[in-house]
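> Have a look; sequence and predicted model below, questions after that.
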Amino acid sequence: MGDELLLNGASELGSLAASEGGRFFVEQTGRDVAYLHDGSFEGLLSAVFLAFERHEMPTDLIPSAQYVPRLGQESLEVDTDIQHALRVRKALTRKVGSDAFRVLMRASLCDDYDVGMSILRFVAYAMASPISARRRGILNDLSHPAVNRIEQLHVRACNEAEKMRQFIRFSHLENGIWFARCNPNVSVIPLVMGHFAARFNDQPFIIYDENHKLSGIYDCRSWQLVRGEAHETASHTPQDSTMVEAWQTFYDSLCVDARYNPELRRKFMPQRLWKNLPEMKPAAAKAATCSAEHLVGPCG
């Protein structure tokens with residue numbers, strides 16, 4: 001389910017928008033308008049569909065919660081329409097393949113202000129691409145700014161997902177649930193849930209992304225995503241403190257004082273993640289103290 005953020009099994013649907021000589025196109029109308037959606041991938045694709053339907057290139061395509069109005073700019077709330085989103089998916093996969101669509105899904109998880117417009121530009125370019133470009137793979141056309149930007153976003157999302165696979169730590173609660181709190185800078189919970197569900201298939205768990213207020217919940221059968229604040233309503237088991245000590249002991253045992261390199265450590269284990277890593281709690285507390293005292297040096 002990790003990459004399948006849309007419904008499966010789309011039926012045969014019509015083309016995205018009007019075509020001219022077989023080429024899909026989006027025309028610039030000169031109107032300064034922002035398309036606002038609900039923040040979901042389906043909502044984003046619904047806005048892409050509307051842009052093609054209207055032959056209009058908006059100046060912004062962004063979730064309503066992130067919208068900052070520009071001077072003199074109009075705004076248009078786009079309702080999420082699953083059928084329109086499915087039509088975009090089908091048209092794009094038929095034109096340039098399913099790999100390109102999966103790349104778009106991962107790129108859409110980034111929080112950058114231009115994500116929506118980058119996806120719209122990529123879809124517009126893909127729909128108008130010649131057969132020769134499709135044959136060699138549109139994702140290889142990195143000289144085109146629309147493709148290059150999507151690839152940048154895609155790489156960032158994949159790198160952040162890999163960090164979460166490495167640095168998510170679970171605590172065992174008395175109600176039998178394993179709970180993990182994380183703070184990624186990309187909303188990658190949909191990309192990592194399949195990984196943990198496959199490895200802990202007989203253990204119920206929750207992974208909570210405190211930056212994006214998104215939880216991945218696994219019940220030993222399937223997993224789902226839930227938006228909103230999540231709290232540990234049950235106490236930790238007595239054995240959980242032993243596990244914390246074990247993590248710290250393991251980490252300390254790997255440390256070689258003669259090769260201490262705080263900059264390299266922060267490169268491979270970003271300091272923004274330390275507060276949710278039991279083995280790094282002492283280092284995180286020390287870094288916080290140093291920051292409070294405005295010190296620079298080995299405290300980092």
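Here it is on my side, so go on.
> Could you report the separation of residue 95 from residue 43?
Residue 95 is 22 Å from residue 43, where distance means CB to CB, to the nearest Å. Any C-beta I mention is one placed from the backbone N, CA and C, and that applies to glycine too.
> Tell me which of those two has more neighbours.
Each of residue 95 and residue 43 has its neighbours counted (other CB atoms under 10 Å); residue 43 has more, 23 against 18.
> residue boundaries of the helices in the stretch 151-300 of the chain?
In the stretch 151-300 of the chain, helices defined by DSSP state H, counting those that start in this stretch lie at 189-199, 238-254, 262-268, 281-292, listed in chain order.
> want to throw these into TSV with distance to residue 174 and mean neighbour count?
Below are the helices of the stretch 151-300 of the chain laid out as TSV (distance: least, CB to CB, whole Å; neighbours: other CB atoms under 10 Å):
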stretch	distance to residue 174	mean neighbour count
helix 189-199	21	19
helix 238-254	9	12
helix 262-268	34	11
helix 281-292	21	14
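> strands paired with the strand or helix carrying residue 75, and their directions?
Using DSSP states H and E, residue 75 maps to strand 74-77. Paired neighbours of strand 74-77 in the sheet (DSSP bridges): strand 33-37 (parallel).
> roughly how far is the strand it pairs with from the heart of the chain?
Its chain's average C-alpha position is 20 Å from that of strand 33-37, according to CA atoms, centre = their mean, to the nearest Å.
> Next, the contact list for the residue most central in space within the chain, please.
Residue closest to the mean C-alpha point of the chain, counted by CA atoms, centre = their mean, is residue 109 at 2.6 Å. Neighbouring residues of residue 109 by CB atoms under 8 Å, 6 or more residues apart in numbering: 157, 186-188, 190-191.
> tell me the SS of it?
coil (DSSP: H, G, I helix; E, B strand; the rest coil).
> Pull up the gap between it and residue 87, please.
For residue 109, the distance to residue 87 - CB to CB - is 22 Å.
> Residue 156 now?
28 Å.
> Between the two, point out the one with more neighbours.
residue 87 (22 against 19).
> mind checking how far the strand holding residue 75 is from the chain centre?
Centroid separation between strand 74-77 and its chain, computed with CA atoms, centre = their mean, is 25 Å.
> Same question for stretch 110-121.
12 Å.
> Hmm, residue 83 and residue 46 touching each other?
No. Residue 46 is beyond contact range of residue 83, at 9.1 Å (criterion: CB atoms under 8 Å).
> Toward the C-terminus, what is the element adjacent to the strand holding residue 75?
According to DSSP H and E, the helix or strand after strand 74-77 is helix 82-96.
> for that next one, packing partners?
helix 41-54, helix 98-107, helix 115-128 (3 or more CB pairs under 8 Å, 6 or more residues apart in numbering; DSSP states H and E).
> so which of these comes closest to residue 282?
helix 98-107 (34.7 Å; CB to CB).
> more neighbours, residue 46 and residue 83?
Ranked by neighbour count (other CB under 10 Å), residue 46 and residue 83 place residue 46 first, with 23 against 12.
> now the contacts of residue 109 as TSV including pLDDT and distance to residue 201?
What follows is those, written out as TSV (pLDDT from 0 to 100; distance: CB to CB, whole Å):
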residue	pLDDT	distance to residue 201
157	97	25
186	96	26
187	96	24
188	97	21
190	96	18
191	96	18
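> between these, which is nearest residue 251?
Minimum distance to residue 251 across the contacts of residue 109 is 23.8 Å, recorded for residue 188 (CB to CB).
> What about the residue lying closest to that closest one once chain neighbours are set aside, how many residues nearby?
Nearest non-adjacent residue to residue 188, counting by CB to CB, 6 or more residues apart in numbering: residue 161, 4.2 Å away. Residue 161 sits with 21 neighbouring residues when counted by other CB under 10 Å.
> Also the one 3 residues further on?
The local packing count at residue 164 equals 22, with neighbours defined by other CB under 10 Å.
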